[in-house]
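Peer 1: Return a 3D structure for these sequence lines:
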Amino acid sequence: MSVRVGILGATGAVGQRFIQLLDDHPTFELAAVTASEESAGKTYREAAKWRVNTPIPDDVAEMTVGATTPDDVPDDVDLLFSSLPSGAAAEVEPDFLEEGYVVSSNSSNDRMAPDVPLTIPEINPGHLDLIEVQRDERGWDGALVKNPNCSTITMVPTLAALDQFGLESVQVSTLQAVSGAGYSGVTSMEIIDNAIPHIGGEEEKMETESRKLLGTFDGTGVDLHGMDVAASCNRIPTLDGHLENVFAETEEDVSPEEAAAAMREYPSADLPSSPDQLIHVFEDLERPQPRLDRERGDGMQISAGGLQETEAGLKYNCLAHNTIRGAAGASLLNGELLVEEGWV
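Peer 2: Coordinates of the predicted model:
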């Protein structure tokens, strides 16, 4: 089965990751790429300042970039991946949804909307049933599905594994790579020999999105998980890979060994881009590390380590590749799940 797909915002950092991940994909055939009006009409090679660590696929390089409107996307495209800035996405995604397109979006707008699935396929695939609620309430023929923020998706799989012990509260401090800010998001003068102890909007995203992802779908909406979440988000001078220090309190006493086993045994999804093992747990207290471990599972695996007891519960570290697992790869997995579940 071949599914024709398009990318909205194809020339940016996440859009380029989409193109890299879609190359030789067993199910998806890239049929359309869009960008700003300034790029429309150019070949992709001319429009994109390519920065990914593999060459532009030859067939994509010669594709003509369209403007980001439904008129510039062929009618036979079955699924769209959106990597638009959130402001632009909020304006144009509804136009595609009204025209009947299914959109798997990495953009942050509408993630917490009560009728929009915020989905990690391994964690809460059943939340896709919100699409029926969404269509009834908004009158769309299409469907909008979001993946979470790159820092949220690094932590939540480990929390899902621990939830069997009764998660009560979570505190997290992040060490986030510069690629998470986009190519021009942080200048060299700001970040070299430095760390920035605040990332606008990031803390709120982690604190709210994690509770929705681990919440319960009751047929009409999602009841947020009852745990308390507090986040502190920091930018550091690594290129890729978000490292996070997590402190978790659970209702039941849980040893580091029990927590490690729960993470190792947490099931992956049976999708083309899923890693064989969702969470790899290191026994070495000095792992995971961004440079050494961000590419595990082709960048789709979560790494964890440093599991230790504290007076309040557990502490540990977790890591994910922020532009693969935390962005384009997350949307790609959601697209694969939409196909698997018959929404596309």
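
Peer 1: List the buried residues of stretch 181-200.
Peer 2: Residues of stretch 181-200 classed as buried by neighbour count (16 or more other C-beta atoms under 10 Å): 181, 186, 191, 196, 199. C-beta: built from backbone N, CA, C; applies to glycine.

Peer 1: Name the nearest residue to the last one, sequence neighbours excluded.
Peer 2: Looking back up the chat, that one is residue 199. Of all residues not flanking residue 199 in the chain, residue 233 sits nearest, at 4.3 Å (C-beta to C-beta, 6 or more residues apart in numbering).

Peer 1: cool, the fourth one as well?
Peer 2: Leaving out its chain neighbours, the residue that sits closest to residue 196 by C-beta to C-beta, 6+ apart is residue 235, at 4.1 Å.

Peer 1: Next: the first one.
Peer 2: With sequence-adjacent residues excluded and distances taken as C-beta to C-beta, 6+ apart, residue 181 is closest to residue 235, at 6.9 Å.

Peer 1: Bridge partners for that neighbour, pull those for me.
Peer 2: As for beta bridges, residue 235 partners with residue 176, residue 196 under DSSP bridges.

Peer 1: ok, what's across the strand from residue 3?
Peer 2: With DSSP bridges as the criterion, residue 3 is bridged to residue 28.

Peer 1: count of neighbours near it?
Peer 2: Counted with other C-beta atoms under 10 Å, residues neighbouring residue 3 total 18.

Peer 1: and it, what does it touch?
Peer 2: Counting by C-beta atoms under 8 Å, 6 or more residues apart in numbering, residue 3 touches 27, 28, 29, 78, 79, 339, 344.

Peer 1: what does residue 298 give?
Peer 2: Residue 298 makes contacts with 273, 275, 324, as judged by C-beta under 8 Å, 6+ apart.

Peer 1: same question, residue 100
Peer 2: Going by C-beta under 8 Å, 6+ apart, the list of residues near residue 100 reads 140, 141, 142.

Peer 1: 6 Å instead, please
Peer 2: Contact partners of residue 100, counting by C-beta atoms under 6 Å, 6 or more residues apart in numbering, are 141, 142.

Peer 1: Work out for me the element it sits within.
Peer 2: Assignment of secondary structure by DSSP states H and E places residue 100 within no helix or strand.

Peer 1: what are the phi and psi values for it?
Peer 2: With angles defined as degrees, to the nearest 10, residue 100 sits at phi 100, psi 10.

Peer 1: and it, how far is that from residue 80?
Peer 2: Going from residue 100 to residue 80 by C-beta to C-beta, to the nearest Å gives 11 Å.

Peer 1: Break the chain down into its domains, please.
Peer 2: 3-148+327-340, 150-321 (automatic domain parsing).

Peer 1: Dump these into CSV; add mean pLDDT as well.
Peer 2: Below are those laid out as CSV (pLDDT from 0 to 100):
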stretch, mean pLDDT
domain 3-148+327-340, 96
domain 150-321, 97
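
Peer 1: what about residue 29, distance to residue 269?
Peer 2: The spacing between residue 29 and residue 269, counted by C-beta to C-beta, is 22 Å.

Peer 1: quick one: contacts of the one helix or strand residue 173 maps to?
Peer 2: Residue 173 belongs to strand 167-176 when assigned by DSSP H and E. With contacts defined as C-beta under 6 Å, 6+ apart, strand 167-176 is touched by 151, 155, 227-236, 242-251.

Peer 1: Thanks a lot, see you next time.
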